[in-house]
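Engineer: Mind folding the following:
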Amino acid sequence: MATAFKNTLYNAIGTTPTTVKTSVSPGNTTVIGLSLTNLTDTIVTVSVQLQDTIANTTVYFLKGVMVPPNQSLRAVTGGEKLILTPSTNVIITSSLASSLDLVMSYVEIV
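Structural biologist: Purely as a prediction, here's the structure:
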C-alpha cells in the first residue's frame, strides 16, 4: 500500500456547491485537517456535505455553521479524522458569494 500526504486549496468558495475532494478508488482518504476562513466583514454560514456516488447518498458533516467575519473554522483538527471511502465527494457551500477559503490536508492510501 502506498501512502501519500497531500493538501487541497480553494479560494473564494461561494453559494454554488463546490466539490473540493473526490476520494481515490480503490483506496481510502483520511482527512486530517479542514479549515475554512471567512474572507468577508460579515458572518457567513458554511455547510460541508459528504456524497457517496456509489450509494447515491448525500449527508451533512456540518450544516449552516456560522463563521465570524475574518475568522477561521477548524472543522477537522487535532486528533479528529474524517475517513472517506472510495467514490466519496466533499462538497462545500457558503451563504455568501466568494466568501470562504479552504485548506484541507489528507492522506491517501492506495
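Engineer: How much space separates the residue nearest to the spatial centre of the chain from residue 21?
Structural biologist: With distances taken as C-alpha atoms, centre = their mean, residue 90 lies nearest the centre of the chain, 5.2 Å away. Relative to residue 21, residue 90 is positioned 4 Å away (C-beta to C-beta, to the nearest Å). Heads up, the C-betas are built off the backbone N, CA and C, glycines and all.
Engineer: what do you get for residue 81?
Structural biologist: Per C-beta to C-beta, residue 81 is found 14 Å from residue 21.
Engineer: The two: who's more crowded?
Structural biologist: Higher neighbour count among residue 81 and residue 21: residue 21, with 21 against 12, using other C-beta atoms under 10 Å.
Engineer: which other helices and strands contact the helix or strand where the more buried one lies?
Structural biologist: Element membership for residue 21 (DSSP states H and E) is strand 18-22. If you count contacts as 3 or more C-beta pairs under 8 Å, 6 or more residues apart in numbering; DSSP states H and E, strand 18-22 packs onto strand 3-13, strand 88-94, strand 100-109.
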